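K.L.:
below: sequence and its predicted model.
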Amino acid sequence: MINLLKNLVKARSTADVGELQAAKVLADYFENLPVDVNVDNFDGNRANCNVRVKSTGEKPALLFVAHIDVVPPGDQQWDFEPFAGIEQDGKVLGRGSADMKAGVAATAAAISEILAEGTELKGDIIFTAAAGEETDSCGILRFVNNDFDTLPPLAGIIIPEPTGFDIVTAHRGILWLKITTKGKTAHGSMPHEGINAVVHMATLINALKDFKIDYPAHPQMGDCTMSINQVHGGNATNVIPDNCTINIDIRPVPGQPHQDIIGQLQSVCDKLTAADKDFQAEIHIDRSVGAMESDNNSEFIKDFSKITTGAGPITVVYTTDASHLTDLNIPITIFGPGETSVCHKPNEFVVIEEVQKAKEYYKKIIKHYLT
Ligand SMILES: [Zn+2]
């Protein structure tokens, strides 16, 4: 299992390199086992690895959904080579070690040991390790499009992301918007002949600075958050700018309709246009991913807590591929080895003992629901 983890780290599966190598490493691990393995290669080097363990089919199946892509190492200096897959002081070091190749290796090892022990399964195990979770979710969307219809009835979905073994059953969504103010260019020496889009953007930013999106707070997650994080405008010091764009990061809570948020921002813009007919703004959606919230009273989640840590379910603010699985209406738990605090940063690592613990948890889960 630890060798698998190290080889997955060595596969260097950032979005630009692609996940094909990592998918092959994972597929090879299952080579001599009685499972169906398929490396689903697309768009050059992008790839999902899909694994299915067939059973007698008497019980609903379990679906494990992971990702095999990683974020790039970044510009900051690391204390070690990010993709060397080094083992040191009881840890595996490297980009992706925690997020989330530890979860991938632990799931794979749990499946392999269950099969080696000759456990008779009454429900299938479906394990998909998807591409692109860190960027555009291309892998899970491909799985949703191609494989959703072929899925057997499911007892639950487990996402082995690094939660430090917290049982996460709800998270926020993502709504990334661009708002562009439109103006009219003119020579910098004759500003009265133009309409300055940058100045209009300043008015809009002021209006949005203290704007609160109107929606009831979620009992655990609180309010939907919004931040203006990028601004681009103008072409030269001596040209009145005819456009200026801001990028806004909004994190909606479960149940909150994205169209409603856009509608509220549109009314802010409409008010500014009513006050000054030269003020023109357009809203464009860059990314829209729903929030996720499982039913904590479902049998699956109540049992999950009992057979794992005993702790109650929690919510988190980040978003995972779980958002793309909500149409299945199946309870989802995000639960795995590694700390969220080391992810997407230099010197990422995972403690080997935690990976072993994860494997034992996944074996227990599989045995509980599928035997
Ligand atoms: Zn992740």
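P.N.:
In hand now; what should we look at?

K.L.:
and the nearest residue to I125 once chain neighbours are set aside, how many residues sit next to it?
P.N.:
Sequence neighbours aside, V53 is the residue nearest to I125 in space, at 4.1 Å (criterion: CB to CB, 6 or more residues apart in numbering). C-beta: built from backbone N, CA, C; applies to glycine. By other CB atoms under 10 Å, the residues close to V53 number 23.

K.L.:
do the same with the one 5 residues further on
P.N.:
Counted with other CB under 10 Å, the burial measure for E58 works out to 9 neighbours.

K.L.:
S55 now?
P.N.:
By other CB under 10 Å, the residues close to S55 number 18.

K.L.:
thought L115 was touching it, still the case?
P.N.:
No: using CB atoms under 8 Å, S55 is not in contact with L115; the gap is 11.1 Å.

K.L.:
could you tell me the end-to-end distance of stretch 166-173?
P.N.:
19 Å (CA to CA, to the nearest Å).

K.L.:
let me redo that: stretch 340-357
P.N.:
17 Å.

K.L.:
residues of the stretch 1-150 of the chain that sit close to the ion?
P.N.:
Counting by CB under 5 Å from the ion, the stretch 1-150 of the chain comes close to the ion at D99, M100.

K.L.:
in the stretch 251-371 of the chain, which spans are helices?
P.N.:
Assigned by DSSP state H, counting those that start in this stretch, the helices in the stretch 251-371 of the chain fall at 258-275, 299-307, 352-370.

K.L.:
of those helices, flag the one that's most buried.
P.N.:
Among the helices of the stretch 251-371 of the chain, the stretch with the highest mean neighbour count (mean count of other CB atoms under 10 Å) is helix 352-370, at a mean of 20.

K.L.:
that one to helix 299-307, inter-axis angle?
P.N.:
Angle of helix 352-370 versus helix 299-307, following axes from the mean of the first three to the mean of the last three CA atoms, to 10 degrees, is 130 degrees.

K.L.:
quick one: helix 352-370 to chain centroid distance?
P.N.:
22 Å (CA atoms, centre = their mean, to the nearest Å).

K.L.:
which helices and strands sit right next to that helix?
P.N.:
With contacts taken as 3 or more CB pairs under 8 Å, 6 or more residues apart in numbering; DSSP states H and E, helix 352-370 sits against helix 2-10, strand 61-67, strand 91-93, helix 102-116, strand 154-159, helix 299-307.

K.L.:
that one to strand 61-67, inter-axis angle?
P.N.:
For helix 352-370 against strand 61-67, the angle by the same axes, to 10 degrees is 150 degrees.

K.L.:
quick one, helix 352-370 and strand 154-159 angle?
P.N.:
Relative orientation of helix 352-370 versus strand 154-159 (the same axes, to 10 degrees): 170 degrees.

K.L.:
tell me the average confidence for helix 352-370?
P.N.:
The average pLDDT for helix 352-370 rounds to 98.

K.L.:
likewise for stretch 273-284?
P.N.:
Averaged over stretch 273-284, pLDDT sits at 97.

K.L.:
quick one, helices of the stretch 1-150 of the chain?
P.N.:
Listed in chain order, the helices of the stretch 1-150 of the chain (DSSP H, counting those that start in this stretch) span 2-10, 20-29, 102-116, 138-147.

K.L.:
okay, those, which one's buried deepest?
P.N.:
Using mean count of other CB under 10 Å, the stretch among the helices of the stretch 1-150 of the chain with the largest mean neighbour count is helix 102-116, at a mean of 24.

K.L.:
just the C-alpha atoms of that one, please, in CSV.
P.N.:
This file holds the C-alpha atoms of helix 102-116, laid out as CSV (Å, rounded to 0.1, in the frame of the first residue of the first chain):
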residue,chain,number,x,y,z
ALA,A,102,-3.3,8.4,0.6
GLY,A,103,-7.1,7.9,0.4
VAL,A,104,-6.7,6.3,-3.0
ALA,A,105,-4.0,3.9,-1.8
ALA,A,106,-6.0,3.0,1.4
THR,A,107,-9.1,2.3,-0.6
ALA,A,108,-7.2,0.1,-3.1
ALA,A,109,-5.5,-1.8,-0.2
ALA,A,110,-8.8,-2.3,1.6
ILE,A,111,-10.3,-3.8,-1.5
SER,A,112,-7.3,-6.0,-2.2
GLU,A,113,-7.2,-7.3,1.4
ILE,A,114,-10.9,-8.0,1.5
LEU,A,115,-10.5,-10.1,-1.7
ALA,A,116,-7.4,-11.8,-0.4
